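Enquirer: A predicted structure for the sequence below; I have some questions about it.
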Amino acid sequence: MTTILTTGGAGYIGSHITLELLNSGYDVVVFDNFHNSSRKSIERVSRITNGAPKLVEGDIRDQAALDALFASHKIDAVIHLAGLKAVGESVARPAFYYDVNVAGSTALFNAMLKHGVRHAVFSSSATVYGEPEIMPIEETTATAPVNPYGKTKLMVEQILTDITGIGEGWRSMVLRYFNPVGAHISGQIGEDPLGFPDNLFPFIAQVATGRREKLNIFGDDYPTPDGTAIRDYIHVMDLARGHVKAIDYLLSERAENNQTPIVNLGTGNGFSVKEVHAAWQKACGFNIPAEITARRDGDVTIYCADASKAEALLGWKASQGLAEMCEDHWRWQKANPQGYS
Ligand code: NAD
Ligand code: UDP
């Protein structure tokens, strides 16, 4: 059996990737400190798949815990998702973000070096592109992150690229996600934000369950057809399948040693906030109150991937549309109005 380590594998995206890896015949070891997740996600993954992931609780900044992890499990490749992801918090607590995201990653890579594990996929973000003027965004677009979160992602991309370049058969891949949304079709696992949801989908989901009064649409004076901002939303199961394709690729003869290709994971299609709101109402079958408010600071008009490299390199293409993203996100939220708690 080929065994994949998912750091942060209990989180929103990690739980879906863990599930998809198991369904694709891989063994999985999850390493997570539950800073922003619940053990229940892994219990449920076990329930809805044929296999059960092994779970190791620990912090990626803890070098001894990582050494023990690699010493006691035969790991073939790593998908590194563990980290902090809230842009606003990263501005308020930059040292914490650099510590977890950057120092945590170097501790992980040191453990991989020590234990001869040489294949890594890193969860990066389209936020590393900053505010590019040309759409859609290609992987060759200049990077210019505008907040500490984005800077940590770019730093780790560079660290991994340098380590992969040393020789010794390293092969890595950086995946830059656009806007992951939705949930597994079972409705058993999904996004469970702690505290106030900053992002559009989890916010609408909480309005739909009655936890919040209404959606605030941040600005309708953007230069778009309906005046609201446009994003490239990607179904989390499409994203998970993209990771399985990345692992298949790294473990195959197609992958080149000492290279770290960078690949966008998006659909290439953009939807406005009003289009997302309408799709949610259709998925729920009822009206979701919404109001136009002022623009949110730092928001850009449109953010959309050129997704062609993923198709050319990995043979992967997103297949699920906006309706499925809303239906699946709603199925999860309706069945679990308080998330995992
Ligand atoms: P998440 O918070 O649900 O998952 C992150 C996981 O990492 C959690 O389970 C958390 O407990 C764990 N973790 C945090 N600090 C840790 C530490 N010190 N040691 C061990 N585990 C730790 O977030 P997510 O949305 O699933 O994101 C996963 C990855 O994808 C992150 O690296 C994030 O930056 C990246 N990403 C997410 C998005 C998005 O919109 N969700 C977009 C682009 C990139
Ligand atoms: N948005 C909104 N109301 C909300 C949350 C988000 O109108 O309560 C808008 C936001 O201004 C952006 C889009 O929805 O145009 C997507 O926001 P999200 O935070 O999900 O993603 P990001 O902006 O980080 O790409």
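Expert: Yes, it's here. Ligands and ions are numbered 1, 2, ... in the order given.
Enquirer: for the stretch 201-341 of the chain, which segments count as helices?
Expert: Using DSSP state H, counting those that start in this stretch, the helices of the stretch 201-341 of the chain run over 236-250, 273-284, 308-314, 322-335.
Enquirer: excluding sequence neighbours, find me the nearest residue to Met135.
Expert: Leaving aside its chain neighbours, Met135 sits nearest to Cys304 (5.2 Å; criterion: Cβ to Cβ, 6 or more residues apart in numbering). Glycine gets a C-beta too; all of them are placed from N, C-alpha and C.
Enquirer: residues in the stretch 201-341 of the chain within reach of ligand 2, list them.
Expert: Counting by Cβ under 6 Å from any ligand atom, the stretch 201-341 of the chain comes close to ligand 2 at 203, 215-218, 229, 231, 273, 296, 299, 303.
Enquirer: most neighbours, which of these?
Expert: Within these, Val273 tops the neighbour count with 26 neighbours, counted by other Cβ atoms under 10 Å.
Enquirer: and the pLDDT at the nearest residue to that residue once chain neighbours are set aside?
Expert: Spatial nearest neighbour of Val273, chain neighbours left out: Thr228 (3.9 Å); criterion: Cβ to Cβ, 6+ apart. In this prediction, Thr228 carries a pLDDT score of 98.
Enquirer: now swap in His277 and tell me
Expert: The score at His277 is 98. That number is its pLDDT.
Enquirer: ligand 1: which of the helices of the stretch 201-341 of the chain is closest?
Expert: Closest of those to ligand 1 is helix 236-250, at 8.4 Å (criterion: Cβ to the nearest ligand atom).
Enquirer: helices or strands up against that closest one?
Expert: If contacts are counted by 3 or more Cβ pairs under 8 Å, 6 or more residues apart in numbering; DSSP states H and E, helix 236-250 sits against helix 12-23, strand 77-80, strand 119-125, strand 171-177, strand 179-181, strand 262-265, helix 308-314.
Enquirer: buried residues, the helix or strand Ser41 falls within. List them.
Expert: Assigned by DSSP states H and E, Ser41 belongs to helix 39-48. Buried residues in helix 39-48, counted by 16 or more other Cβ atoms under 10 Å: 40-42, 44-45.
Enquirer: quick one: it to chain centroid distance?
Expert: Computed by Cα atoms, centre = their mean, to the nearest Å, the chain-centroid distance of helix 39-48 equals 18 Å.
Enquirer: average pLDDT for it, rounded please.
Expert: The average pLDDT for helix 39-48 rounds to 96.
Enquirer: how about the residues of this structure near ligand 1?
Expert: 8, 10-14, 32-37, 59-61, 81-85, 100, 104, 123, 125, 177, 180.
Enquirer: at 5 Å what do you get?
Expert: Residues of the chain lying near ligand 1 by Cβ under 5 Å from any ligand atom: 8, 10-13, 32-33, 35-37, 59-60, 81-83, 85, 100, 123, 125, 177, 180.
Enquirer: which among those end up buried?
Expert: 8, 10-13, 32-33, 36-37, 59-60, 81-83, 85, 100, 123, 125, 177, 180.
Enquirer: what's the lowest-pLDDT member of the residues of the stretch 201-341 of the chain next to ligand 2?
Expert: Asp299 (90).
Enquirer: tell me the buried residues in the helix or strand of the chain with the lowest mean pLDDT?
Expert: Least confident helix or strand of the chain, by mean pLDDT, DSSP states H and E, is helix 87-92 with a mean of 94. Buried residues in helix 87-92, counted by 16+ other Cβ under 10 Å: 87, 89-90.
Enquirer: returning to that earlier point: the residue nearest to Met135 contacts Pro136, doesn't it?
Expert: Yes. Counting by Cβ atoms under 8 Å, Pro136 is a contact partner of Cys304 at 4.6 Å.
Enquirer: which neighbours do these two have in common?
Expert: 232, 268 (Cβ atoms under 8 Å, 6 or more residues apart in numbering).
Enquirer: what about the strands in the stretch 101-250 of the chain?
Expert: 119-125, 171-177, 179-181, 215-218, 230-231, 233-235 (DSSP state E, counting those that start in this stretch).
Enquirer: which of the ones you listed sits closest to Glu324?
Expert: Closest approach to Glu324 among those (Cβ to Cβ): strand 233-235, 6.2 Å.
Enquirer: report all helices and strands that that closest one contacts.
Expert: So strand 233-235, by 3+ Cβ pairs under 8 Å, 6+ apart, packs with strand 179-181, helix 322-335.
Enquirer: among the ones you listed, which is the most enclosed?
Expert: Among the helices and strands packed on strand 233-235, the stretch with the highest mean neighbour count (mean count of other Cβ atoms under 10 Å) is strand 179-181, at a mean of 24.
Enquirer: buried ones in the lengthiest helix in the chain, by neighbour count?
Expert: Longest helix of the chain, by residue count under DSSP state H: helix 148-164. Residues of helix 148-164 classed as buried by neighbour count (16+ other Cβ under 10 Å): 148-157, 160-161, 163-164.
Enquirer: could you dump these into CSV and include pLDDT and distance to Asp67?
Expert: Below are these laid out as CSV (pLDDT from 0 to 100; distance: Cβ to Cβ, whole Å):
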residue, pLDDT, distance to Asp67
Pro148, 97, 28
Tyr149, 97, 28
Gly150, 97, 30
Lys151, 98, 28
Thr152, 98, 23
Lys153, 98, 25
Leu154, 98, 27
Met155, 98, 23
Val156, 99, 20
Glu157, 98, 24
Leu160, 98, 19
Thr161, 98, 24
Ile163, 98, 17
Thr164, 98, 21
